[in-house]
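[1] fold the following and give me the result.
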Amino acid sequence: MRVEIKLSLAILMTAAGVFAAGAASAATTDDVKWINQCVADNKGGAAEDVVLKYCTCMNNKMSDTETQWEKTHATERKACDAEAGWK
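    The predicted model follows:
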């Protein structure tokens, strides 16, 4: 039950973060799915709020057709690290 609540909260925070970031496009189901996968992939790498900010930032910077964006856009990745406060 607790995991479900955390996941639901993460999804809500993700959607709110995408909207608050001023992204030109609205958050889609795919955005939420990608951000949640990113959060899971980076679990333990930093505080949960930092990881969520990082993943939301990365999602906002990449196009819908990208598949290996994070690996091929080091400059943007570093900018999202800084924006999220990842150290």
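
[2] need the next SSE after the helix or strand bottoming out on mean pLDDT in the chain, C-terminal direction.
    For the chain, the helix or strand with the lowest mean confidence is helix 2-20, at a mean of 56 (criterion: mean pLDDT, DSSP states H and E). As assigned by DSSP states H and E, the chain's next helix or strand after helix 2-20 is helix 29-41.

[3] other SSEs contacting that following helix?
    helix 2-20, helix 48-61 (3 or more C-beta pairs under 8 Å, 6 or more residues apart in numbering; DSSP states H and E). Quick note: C-beta positions are derived from backbone N, CA and C, even for glycine.

[4] Trp86 touches Val50, doesn't it?
    Yes. Between Trp86 and Val50 there is a contact under C-beta atoms under 8 Å: 5.4 Å.

[5] neighbours of Met58, just the number please.
    Other residues near Met58 number 24, with proximity taken as other C-beta atoms under 10 Å.

[6] how about the secondary structure of Thr65?
    For Thr65, the assignment made with DSSP: H, G, I helix; E, B strand; the rest coil gives coil.

[7] relative to Asp30, how far out is it?
    Remark: distance between Thr65 and Asp30 (C-beta to C-beta, to the nearest Å) = 11 Å.
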